[in-house]
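Trainee: One predicted model, sequence on top.
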Amino acid sequence: MSLLTSDRITAVLGPTNTGKTYLAMERMLAYSSGMIGFPLRLLARENYDKAVAIKGAAKCALVTGEEKILPKGARYFFCTVESMPVDRLVEFLAVDEIQLAADEERGHIFTDRLLNARGTSETMFMGSTTIEPILKKLIKGIEFVERPRFSNLSFSGSKKIIRLPPRSAVVAFSAADVYSLAETLRRHRGGTAVVLGSLSPRTRNAQVELFENGDVDYLVATDAIGMGLNLNVNHVAFSRMEKFDGRISRYLYPAEVGQIAGRAGRHTSDGTFGTTNNVGPLDEDLIARVENHEYESLRMLYWRNGDLDYGTPETLLKSLERRSEEKILMKIRDAEDHQALRALAQEATVQDSATSKATVKLLWEVCQVPDFRKILTDQHIRLLSQMYHYLISNRRLLPEDWVAAQIRRIDRTDGDIDTLVSRISHIRTWTYISHRADWIEDNEHWQGVSRAIEDRLSDALHDRLTQRFVDRRAAKLVRSLQAGENIVSAVKANGDVIVEGEHLGRIIGFSFVLDESLQGTDIKPALTAARKTLLSEMPTRVTVLEEDNDGSFLLNDTGELTWRGVPIGKLIKGDVPLSPAVDVYSTEFIDSGMREKIRLRLVAWLERHLRAQLKPLFYLSDATLEGTARGIAFQVLEGLGLVPRYLLRDQINGLSKTDRKALADLGLRLGRESVFLPNLNRPRPSRIRALLWAAWNEVDVPVMPEFEESSFQPVASQTDGFCASVGYRHLSDRKGRELVLRADALERVSHEAYKLLRLSKDSGEEKPAKKSATDTAKVTEIETPSVEAPVVEDTVVSEATNTNAGSTDSGVDKAAAVEAETKSAEASPSEASKEESTPQLPAGSFAINDEMRKVSGLDDQAISFVLKSLRFHPNRLKGGITAFSQRAPRKQDPKKKEARKKQVEAEKARMADSPFAVLQDMSFKR
């Protein structure tokens with residue numbers, strides 16, 4: 001908060017046309033000194049001129065970003081809010097339109113003045129009543145003065161634009177709409193003045209004078225007229241009720257409608273508002289709110305930390321990111337100066353030079369130089385970088401010859417309306433710079449030069465506006481193309497394509513998407529004009545992609561490779577599953593050479609990404625293995641980390657101890673049911689393996705399961721091969737029921753089952769089964785679905801029976817059994833009778849226990865299904881207990897045996913074309 005305090009802090013609130021600004025001027029001029037911050041430099045200039053007429057030029061100062069008039073004896077300061085010299089002590093201080101503290105772009109400046117700017121005797125904030133609740137929370141003891149509107153404002157319905165009454169203002173929300181409406185009024189009503197937010201004060205005043213003098217009866221304007229522009233307007237007509245706010249196209253808020261419509265009717269003259277006939281009917285509630293000036297209160301203001309740390313560019317950025325402790329003060333999105341700082345801080349030369357508080361503070365001051373054009377962000381960053389390095393290396397001064405060259409390029413009055421508007425915006429940046437006496441040696445000279453250029457450009461622009469209006473965007477482009485003129489074009493940092501000041505569309509990745517507003521005959525000339533810009537822009541974008549950091553690329557869940565969030569290619573089948581190829585999406589604006597550069601950059605990133613995410617697979621791939629171990633590793637790589645054990649039975653039997661250790665050291669587990677890499681069984685690696693599997697098999701990416709779960713019910717696209725590639729086993733029974741279980745969970749269930757089976761056989765006695773609450777459920781028939789694989793029943797169990805049942809010490813378990821029998825013998829008669837009534841598990845059988853439930857995450861019914869798929873036979877005992885025993889070997893039907901053999905051979909044939917095929921055959925024969 002500010003260290004200054006005011007004897008009085010007042011909020012003068014109300015709708016438009018209530019005399020708030022007039023009251024503030026009257027109060028200020030009654031003091032010996034004062035300062036008012038306005039939202040627009042036009043308003044600052046207008047009120048400065050009024051004060052000069054009353055107090056004289058020697059006592060009045062004008063301070064805006066582009067204009068400074070500072071007499072030595074100045075007592076009254078008229079400023080834009082951003083340019084207020086708040087460190088200067090004045091008796092009276094005021095801020096106009098204080099509700100703009102809720103504006104996303106400039107709100108933090110207004111909030112800072114609200115919290116920290118004070119007059120020594122009186123402070124006044126003027127604005128809408130919507131900010132009243134927040135002012136009560138933030139400023140203790142603030143007084144409120146609510147002023148009613150001097151005149152009535154009422155809704156008058158919808159009319160054709162050519163039927164609007166004289167002294168009407170038509171509101172549009174884009175330059176193209178303004179020009180089109182102006183041309184219509186010129187043809188049918190003799191002419192119209194035009195007001196855009198990007199006009200210079202000189203041009204704006206000249207256009208307004210046409211309307212105020214009665215030379216024309218109509219005014220076509222953007223919503224710029226809503227912010228304090230005082231006109232003798234009787235009626236405001238909205239040609240649209242939605243606007244693009246820099247991020248999205250949205251409907252106007254009721255308060256915004258009221259702010260603009262309120263320009264109708266001055267002082268005691270009533271005003272009306274309505275729409276043109278292309279706008280649908282307005283909501284009755286909206287009309288009532290505007291007529292009665294009743295709007296929802298603001299809930300929060302935008303804020304940015306003002307206590308900055310100039311230690312290093314990094315600490316400065318961190319201090320800008322700090323959030324307020326007040327919940328109603330929301331940190332702004334990165335402002336332009338913040339974005340500029342982030343961009344410059346990445347330059348190595350800046351990092352080397354910005355090493356002290358003085359140099360970091362200078363860097364921040366350079367970043368605050370505004371870009372009034374708002375369309376050439378990359379160029380503006382380059383300008384700021386040049387300025388900073390000149391200031392660092394040239395005694396904190398900009399070279400005069402460099403400044404002269406920059407300004408000289410703008411001093412041209414040829415071109416159309418939008419070209420002149422762009423040049424005026426550009427010279428405003430240099431006018432701002434010229435007011436830095438500490439940066440430019442002869443700054444007063446350059447102030448005069450930039451001001452003269454702006455005046456010449458403004459006069460030329462006024463002439464263009466009064467001579468002709470653009471019929472439509474396409475007409476202007478066609479004229480330029482037919483005349484062979486150089487089209488003024490640019491591409492914004494966000495990809496927007498601007499030609500002759502008009503938005504034609506946007507570059508998305510390396511494609512061009514035409515603006516939706518272009519229809520019919522407008523499309524062809526727009527594309528022709530845009531194509532010239534895009535053909536020169538695309539090589540630059542390809543270079544940016546090549547040099548961009550790896551964090552700009554992603555592999556999404558559909559197998560597409562994205563750059564800065566935009567898909568530009570996809571995975572396709574490569575030489576091996578672990579190394580997919582990349583297909584770059586083609587567009588008419590990139591040739592084969594550029595496409596190859598993009599592909600090579602994506603391939604390089606993809607390899608690093610896959611190696612980082614699938615390390616176990618690449619360790620296995622890069623390992624030096626020989627003979628059978630090498631063949632097993634190859635098949636696991638082909639399976640993307642998992643192969644059912646029965647497919648590798650012969651190779652595993654042929655492994656030496658050395659080979660087994662080498663595979664184990666690489667993280668490969670030769671499990672009872674599967675050969676797999678356990679470290680891959682995590683969500684992210686599993687998702688990536690799913691993409692690789694889809695690319696290798698040239699199919700769409702199957703539905704992704706929840707990889708955090710140990711099991712799921714498969715859908716049609718989740719085949720056996722897909723499930724195995726992401727670390728799961730697909731189980732099914734003869735009735736077509738299916739279940740997919742993660743490989744490590746299947747291993748644990750299998751291990752526990754064989755351990756219990758071995759313990760049961762070792763005991764040689766029948767023991768009572770202790771029933772738990774979950775054991776009492778009858779498991780007579782499994783109803784849980786499972787996966788396609790008749791192979792599982794035939795092969796998993798055969799593999800299991802040929803594998804050691806586990807490493808549990810049977811001697812320990814026998815001792816535990818003897819101890820249990822002793823305790824049972826000593827039990828009371830009642831306990832003994834209970835035990836006698838409990839069914840006995842036959843030797844060589846076991847029941848589902850808590851360990852199986854724990855390791856699998858399944859219920860008893862699903863576990864029973866898994867055990868059956870492992871060729872354990874269920875036997876229902878008395879009391880609802882189900883005991884499982886190993887199925888006796890049975891002779892297989894010759895036909896089925898032959899079919900099974902063919903199935904196994906088919907699996908092996910997958911590798912027939914691989915470089916390891918001969919090695920595989922050799923290992924089998926050995």
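Mentor: That came through fine. Residues are numbered from 1 along each chain as shown.

Trainee: could you pull out the helices for the stretch 601-750 of the chain?
Mentor: 615-622, 627-638, 649-653, 657-665, 683-697, 720-725, 743-763 (DSSP state H, counting those that start in this stretch).

Trainee: Would you mark the buried spots in the third one?
Mentor: Buried residues in helix 649-653, counted by 16 or more other C-beta atoms under 10 Å: 651-652. Any C-beta I mention is one placed from the backbone N, CA and C, and that applies to glycine too.

Trainee: For that helix, give the mean pLDDT please.
Mentor: Helix 649-653 shows an average pLDDT of 90 in the prediction.

Trainee: ok now that helix, how far from the chain's centre?
Mentor: What separates the centre of helix 649-653 from the centre of its chain is 51 Å, taken as C-alpha atoms, centre = their mean, to the nearest Å.

Trainee: One more: stretch 554-569?
Mentor: Centroid displacement of stretch 554-569 relative to its chain, using C-alpha atoms, centre = their mean, is 14 Å.

Trainee: Need the contact partners of that stretch.
Mentor: For stretch 554-569, the surrounding residues in contact (C-beta atoms under 8 Å, 6 or more residues apart in numbering) are 508-510, 545, 548, 552-553, 570-571, 582-585, 598-599, 602, 605-606, 609, 687-688, 691, 694-695, 701, 704.

Trainee: So which of the helices of the stretch 601-750 of the chain is nearest Y179?
Mentor: For the helices of the stretch 601-750 of the chain, the distance to Y179 is smallest for helix 683-697, at 49.2 Å, taking C-beta to C-beta.

Trainee: packing partners for that closest one?
Mentor: Based on contacts counted as 3 or more C-beta pairs under 8 Å, 6 or more residues apart in numbering; DSSP states H and E, the elements that helix 683-697 packs against are strand 566-576, strand 579-584, helix 592-613, helix 720-725.

Trainee: give me the low-pLDDT residue ranges for the stretch 651-800 of the chain?
Mentor: Scanning the stretch 651-800 of the chain for pLDDT under 70 picks out 764-800.

Trainee: Now distance to A261 too, for the helices and strands packed on helix 683-697, in CSV please.
Mentor: Output for the helices and strands packed on helix 683-697, formatted as CSV (distance: least, C-beta to C-beta, whole Å):
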stretch, distance to A261
strand 566-576, 40
strand 579-584, 51
helix 592-613, 51
helix 720-725, 61
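
Trainee: Ranking the ones you listed by mean neighbour count, which comes first?
Mentor: Greatest average neighbour count among the helices and strands packed on helix 683-697 goes to helix 720-725 (a mean of 22), per mean count of other C-beta atoms under 10 Å.

Trainee: Work out the gap between that helix and the centre of the chain.
Mentor: On C-alpha atoms, centre = their mean, the centre of helix 720-725 falls 33 Å from the chain's centre.

Trainee: before we move on, what about stretch 392-399?
Mentor: Distance, centroid of stretch 392-399 to centroid of chain: 39 Å (C-alpha atoms, centre = their mean).

Trainee: got the end-to-end distance for that stretch?
Mentor: Stretch 392-399 stretches 12 Å from its first residue to its last (C-alpha to C-alpha, to the nearest Å).
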